[in-house]
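Enquirer: Next come a sequence and a model predicted from it.
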Amino acid sequence: MAELNCQFVRPDRLLFEGPVANLVLITYAGELGVWPGHAAEIVALGDGVVRIRRRPEDGGGEYDVVVSGGYAEIESDEVIILADHARRADDIDPDVVRETRDLSIDQLEGLDAGDHRRAYYESKIRWCNLLLKQASKDARATAQ
């Protein structure tokens with residue numbers, strides 16, 4: 001059986017490395033499914049969830065990673081994902097994320113309209129909102 005090797009990296013560390021059955025990337029144009037033998041391509045990542053499906057012989061299941069920005073390089077049997085921001089979906093603490101978002105909102109509100117630091121805090125708030133959205137989806141799925 002053909003396999004797809006995946007390496008998932010964010011700026012501070014390697015999140016995942018190993019063989020996978022397939023994965024679904026979130027791009028600015030929508031979702032892109034990648035299976036072994038995929039044509040070579042480089043895509044820009046959007047904001048959302050990358051879904052990595054493990055091979056049956058590795059226990060199966062899905063490994064979800066929330067991403068915001070970055071790139072993925074696809075070869076026929078390899079995918080390298082370089083994400084600007086990435087967090088495993090099962091590693092989100094909503095209370096910590098809410099606190100971080102609230103502190104960022106406070107910082108943003110204290111800046112003048114022309115202050116270049118506004119872009120940093122706006123980006124941080126968007127990232128926190130994306131994480132909270134995923135955390136609430138996971139909580140609803142667990143409750144069902």
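Expert: Thanks, I have it.

Enquirer: Which of the three states applies to residue 103?
Expert: What DSSP: H, G, I helix; E, B strand; the rest coil gives for residue 103 is helix.

Enquirer: how close does the closest residue to residue 43 other than its chain neighbours get to residue 55?
Expert: Of all residues not flanking residue 43 in the chain, residue 27 sits nearest, at 4.8 Å (Cβ to Cβ, 6 or more residues apart in numbering). The C-beta positions use only the backbone N, C-alpha and C, and glycine is treated the same way. Distance, residue 27 to residue 55, using Cβ to Cβ, to the nearest Å: 24 Å.

Enquirer: Could you point out the longest strand of this structure?
Expert: Ordering each strand of the chain by length in residues (DSSP state E) puts strand 62-75 first.

Enquirer: average pLDDT for that strand?
Expert: Averaged across strand 62-75, pLDDT comes to 95.

Enquirer: Counting by contacts, list what it packs against.
Expert: Applying 3 or more Cβ pairs under 8 Å, 6 or more residues apart in numbering; DSSP states H and E, we find strand 62-75 packed against strand 13-20, strand 22-27, strand 41-44, strand 47-53, strand 78-88, helix 117-143.

Enquirer: Out of those, the one nearest residue 109 is which?
Expert: In this view, the helices and strands packed on strand 62-75 are compared for proximity to residue 109 by Cβ to Cβ, and helix 117-143 is the closest at 9.1 Å.

Enquirer: elements contacting that closest one?
Expert: Using 3+ Cβ pairs under 8 Å, 6+ apart: helix 117-143 touches strand 47-53, strand 62-75, helix 94-109.

Enquirer: Can you give me the buried ones in that helix?
Expert: In terms of neighbour count (16 or more other Cβ atoms under 10 Å), helix 117-143 has its buried residues at 121, 124-125, 127-128, 130-131, 134-135.

Enquirer: pLDDT below threshold where in the protein?
Expert: Within the chain, the stretches with pLDDT under 70 are 1, 139-144.

Enquirer: Which residue is the nearest non-sequential neighbour of residue 19?
Expert: Excluding the flanking residues, the one nearest residue 19 by Cβ to Cβ, 6+ apart is residue 3, at 4.4 Å.

Enquirer: Could you list the domains of the protein?
Expert: According to automatic domain parsing, the chain comprises the domains 4-89, 92-143.
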